[in-house]
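1. sequence plus the predicted model coming up.
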Amino acid sequence: MRLKGKIALITGGAAGIGLATAERFAKEGAKIILWDLSDKGNEAVERLKKEGHEAIFKKISVTNEVEVHKAVEEARKYFGRIDILINNAGITKDRTLLKMSKQEWDDVISVNLTGVFNCTQAVAPIMKEQNYGRIVSASSNVAIRGNFGQTNYVATKSAVIGMTKVWAIELGRYGITVNCIAPGFIHTAMTDAMPEEIRKQSLPHIPLGKWGMPEDIANGYLYLASDEASFVSGICLTIDGGAAR
């Protein structure tokens with residue numbers, strides 16, 4: 001098993017890509033710390049336990065710095081260490097520039113950007129002490145090509161790529177790799193809520209002719225979190241079926 005004995009903290013893990021990642025990691029031998037604002041996290045952890053995996057759930061907002069640091073310390077005390085951090089939590093509040101409210105801007109920045117900063121800053125000292133760590137964050141392929149009506153979202157996902165490169169430089173000396181993944185169109189509750197016409201319009205821009213599944217991203221997270229990627233740091237791995245950029 002590729003993650004046997006590793007302790008993995010996954011944010012936004014109650015559904016979609018986060019849940020698929022938790023399930024994939026557990027099957028590879030990892031012990032799971034699941035964070036989410038949704039109570040569905042309890043159901044997810046119970047399923048994992050029934051399948052024989054070790055997992056705990058914490059209802060938490062990654063935007064709350066104090067709450068994050070407290071929860072990280074609790075997780076460290078429970079498992080003794082934290083080997084992997086998957087910064088997966090994220091939201092969208094789409095609006096064109098001329099219509100976007102300050103609140104819509106602030107909300108997306110708080111979760112997608114500040115949340116990644118909060119979690120990484122809280123976990124990194126533990127990984128430094130261990131002289132080992134894998135940090136992988138969620139960017140998006142729109143960070144590379146842009147997208148209509150997503151000023152706030154694209155800003156955060158572009159910033160995640162930048163922070164990843166900085167942290168790879170700063171933390172590499174402590175045996176910590178830092179990378180991110182840029183998903184394209186993936187079937188999740190969030191994207192399935194998009195109008196059918198918009199989903200159809202996206203297909204001609206994807207050479208593989210289909211949307212991805214949460215498991216496709218989970219597999220990318222798995223590679224970057226594993227020792228197979230021990231010499232991979234500071235990259236953004238795009239998983240989007242070859243979508244036009």
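-> Yep, that arrived. Numbers count the residues shown, from 1 in each chain.
2. okay, now the unreliable bits of this protein?
-> Applying pLDDT under 70 to the chain flags residues 193-194, 244-245.
3. okay, which residue is most central for the chain?
-> Asn88 (1.9 Å; Cα atoms, centre = their mean).
4. check contacts around Tyr132.
-> Residues near Tyr132 by Cβ atoms under 8 Å, 6 or more residues apart in numbering: Asp83, Gly175, Ile176. Heads up, the C-betas are built off the backbone N, CA and C, glycines and all.
5. among these, which one lies nearest to Lys59?
-> Asp83 (22.6 Å; Cβ to Cβ).
6. ok, back up a step: got a list of what the residue nearest to the centre of the chain touches?
-> Neighbours of Asn88 in contact, by Cβ under 8 Å, 6+ apart: Ile10, Thr11, Gly12, Gly13, Ile17, Gly18, Thr21, Ser137, Ala138, Tyr221.
7. how about the residues you listed, which pair is most distant?
-> Gly13 and Ser137 (13.9 Å).
8. filter the contacts of Tyr132 down to the buried ones.
-> Asp83, Ile176 (16 or more other Cβ atoms under 10 Å).
9. how much space between Thr164 and Cys236?
-> 7 Å (Cβ to Cβ, to the nearest Å).
10. repeat that for Ile161.
-> 5 Å.
11. give me the common contacts of these two.
-> With contacts defined as Cβ under 8 Å, 6+ apart, the residues adjacent to both Ile161 and Cys236 are Ser139, Ala143, Cys180, Ala182.
12. out of those residues, the closest to Gly5 would be?
-> Cys180 (24.8 Å).
13. helix, strand, or coil at that closest one?
-> Here Cys180 is recorded as strand under DSSP: H, G, I helix; E, B strand; the rest coil.
14. next up, the contacts around it.
-> Counted by Cβ under 8 Å, 6+ apart, Cys180 has contacts Val136, Ser137, Ala138, Ser139, Val160, Ile161, Thr164, Ile235, Cys236, Leu237.
15. just the ones in strands from these, please.
-> Val136, Ser137, Ala138, Cys236, Leu237 (DSSP state E).
16. could I get those as JSON lines with neighbour count and distance to Asp227?
-> Shown next, in JSON lines, are these (neighbours: other Cβ atoms under 10 Å; distance: Cβ to Cβ, whole Å):
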{"residue": "Val136", "neighbour count": "26", "distance to Asp227": "14"}
{"residue": "Ser137", "neighbour count": "30", "distance to Asp227": "19"}
{"residue": "Ala138", "neighbour count": "25", "distance to Asp227": "22"}
{"residue": "Cys236", "neighbour count": "20", "distance to Asp227": "20"}
{"residue": "Leu237", "neighbour count": "18", "distance to Asp227": "17"}
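17. could I get the residues you listed as a markdown table with distance to Lys31?
-> What follows is the ones in strands among the contacts of Cys180, written out as a markdown table (distance: Cβ to Cβ, whole Å):
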| residue | distance to Lys31 |
| --- | --- |
| Val136 | 17 |
| Ser137 | 21 |
| Ala138 | 21 |
| Cys236 | 27 |
| Leu237 | 24 |
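18. what ranges does this protein have for its helices?
-> 16-27, 40-50, 65-79, 102-109, 115-130, 142-145, 151-171, 189-192, 196-202, 214-225 (DSSP state H).
19. ranking those helices by burial, who's on top?
-> helix 16-27 (a mean of 24; mean count of other Cβ atoms under 10 Å).
20. what's the neighbour count on the closest residue to Asp107 other than its chain neighbours?
-> Leaving out its chain neighbours, the residue that sits closest to Asp107 by Cβ to Cβ, 6 or more residues apart in numbering is Lys93, at 5.7 Å. Here the number of neighbours of Lys93 (other Cβ atoms under 10 Å) works out to 16.
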